[in-house]
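Student: Generate coordinates for the sequence data below:
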Amino acid sequence: TGVQTCALPISMLIYAGSNQIRLGSGVGVDFLTFYGGGTERMRITSGGNVLVGTTTDAGYKLQVNGSGYIKGGNGNQLQLDNAGEQYTQLTFTNNASSTKGALWFDNTNSFFEMYGGSSIGLKFSAGSSEKMRLTSAGELLINTTSDAGDYKLQVNGGLYVNGAGFRYNIGRSEEHTSEL
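Tutor: Numbering: from 1, shown residues only. Prediction:
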C-alpha cells in the first residue's frame with residue numbers, strides 16, 4: 001500500500017497492430033507522441049506545444065504541417081483572440097521566409113488592414129471573377145485588370161458621382177470644379 005516512486009524514466013507504449021500511442025517520457029525525451037500506420041502523426045511537447053505533421057518545434061502553441069479543414073453548422077468559425085494586445089494577425093508566408101500577405105486588426109487605432117507583401121497587389125473578386133485590383137504602386141483598377149499607366153484611379157465603364165460637386169485636376173496646373 002502507498003505510492004512507490006522509481007528513479008528511472010518511465011515510458012508507456014501501447015500497440016494495436018502497427019498503430020501505437022506513446023505516453024510519458026523516456027531517457028532524453030519529454031513529449032507525448034501519437035502514431036498511426038507506424039508513422040508519428042502528432043506530438044505534444046513538454047512546453048505544451050502541439051505539433052501535427054512535423055517533429056520540429058518552432059515555438060508555437062499549434063503548428064500544423066499540412067492542410068486543415070473546419071466543418072460545422074451555422075456557428076462555424078475560426079476565432080483569433082489576442083487577449084487585449086494591440087494586433088491580432090493572420091499572416092501568409094512562403095516557406096516561413098517572407099511575408100506575402102496578412103490580415104490584421106489594430107486594437108489601439110481601430111483599423112482592420114489587408115497587406116500585400118513587397119511588390120504584391122490586392123485583388124477583390126465577386127461572382128467568380130475579379131472586380132477590383134489595388135496595385136503595389138497604389139493604383140486602383142475597377143472592372144479592368146489592364147493597368148493603363150500612372151493613373152491612381154482607373155475605371156472601365158461608367159462612373160456615377162452623387163453629391164454637391166467634385167474637383168479634378170488635369171495635368172499639374174489646372175484645377176476644375178464641377179457643380180452637379
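Student: which residues of this protein score low on pLDDT?
Tutor: Within the chain, the stretches with pLDDT under 70 are 1-29, 73, 75-76, 96, 164-180.
Student: Try it again at 80.
Tutor: Along the chain, the model assigns pLDDT under 80 to residues 1-31, 69-84, 95-97, 160-180.
Student: all helices for it, in order.
Tutor: Read by DSSP state H, the chain holds no helices at all.
Student: what's around Gly84, how many residues?
Tutor: 6 (other CB atoms under 10 Å). (Each C-beta comes from the backbone N, C-alpha and C, glycine too.)
Student: need the contact list for it.
Tutor: By CB atoms under 8 Å, 6 or more residues apart in numbering, Gly84 lies in contact with Asn107.
Student: repeat for Gly48
Tutor: Taking CB under 8 Å, 6+ apart, one finds Lys61 in contact with Gly48.
Student: Give me the phi and psi angles of it.
Tutor: Main-chain torsions, Gly48, degrees, to the nearest 10: phi 90, psi 10.
Student: Can you check the distance spanned by stretch 109-122, start to finish?
Tutor: Length of stretch 109-122, first residue to last, CA to CA, to the nearest Å: 22 Å.
Student: residues of that stretch that come out buried?
Tutor: Gly116 (16 or more other CB atoms under 10 Å).
Student: what's next to it, contact-wise?
Tutor: The contact list for stretch 109-122, computed with CB under 8 Å, 6+ apart, reads 98-106, 133-136.
Student: Then stretch 127-138?
Tutor: Contacts for stretch 127-138 (CB under 8 Å, 6+ apart): 116, 118-125, 140-145, 147, 150, 152.
Student: mind listing which of those residues are in strands?
Tutor: 116, 122-125, 140-142 (DSSP state E).
Student: circling back to that earlier point, mind listing which of the contacts of stretch 109-122 are in strands?
Tutor: In this view, the contacts of stretch 109-122 that belong to strands under DSSP E are 98-106, 133-134.
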